[in-house]
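> pasted the sequence and its predicted model underneath.
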Amino acid sequence: MPERRLQAIICCRNTYRVATVDGHTGVFWERKLRLTIDSSENGPDKRAPALMDAGMMGDRVDAIFATPEEISRFLKP
């Protein structure tokens with residue numbers, strides 16, 4: 001699903017702009033974006049991290065990576 005696949009995470013001070021493969025960008029405060037790892041068979045494919053809604057109000061998201069090393073490749077200042 002292109003709307004769930006991460007393209008980049010751009011950080012500026014305490015705000016993150018999260019771009020997905022389908023061209024959309026969401027803006028989240030740093031406490032509303034969680035970077036997580038799921039290396040299990042249910043996790044995302046390597047080099048294809050996923051964005052999932054989190055929180056009761058829909059104001060939080062999880063960026064889920066297959067390995068810790070992938071995070072630095074997608075996170076840009």
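Good, I have the coordinates.

> wait, isn't T20 in contact with M1?
No: judged on C-beta atoms under 8 Å, T20 makes no contact with M1 at a distance of 9.2 Å. Every residue, glycine included, has its C-beta placed from N, CA and C.

> of those two, give the one with the bigger neighbour count.
Neighbour totals were compared for T20 and M1, and T20 leads with 18 against 9 (other C-beta atoms under 10 Å).

> how much space separates the more buried one from R5?
Per C-beta to C-beta, to the nearest Å, T20 is found 6 Å from R5.

> next: P44.
With distances taken as C-beta to C-beta, P44 is found 8 Å from R5.

> higher neighbour count, these two?
P44 (21 against 15).

> could you report the neighbour count for the closest residue to that one other than its chain neighbours?
Using C-beta to C-beta, 6 or more residues apart in numbering and skipping residues adjacent in sequence, the residue nearest P44 is A50, 4.4 Å away. Under the neighbour criterion other C-beta under 10 Å, A50 is assigned a count of 19.

> over to the one 3 residues further on?
D53 sits with 10 neighbouring residues when counted by other C-beta under 10 Å.

> so for it, what's the pLDDT?
Per-residue confidence for D53 comes out at a pLDDT of 90.
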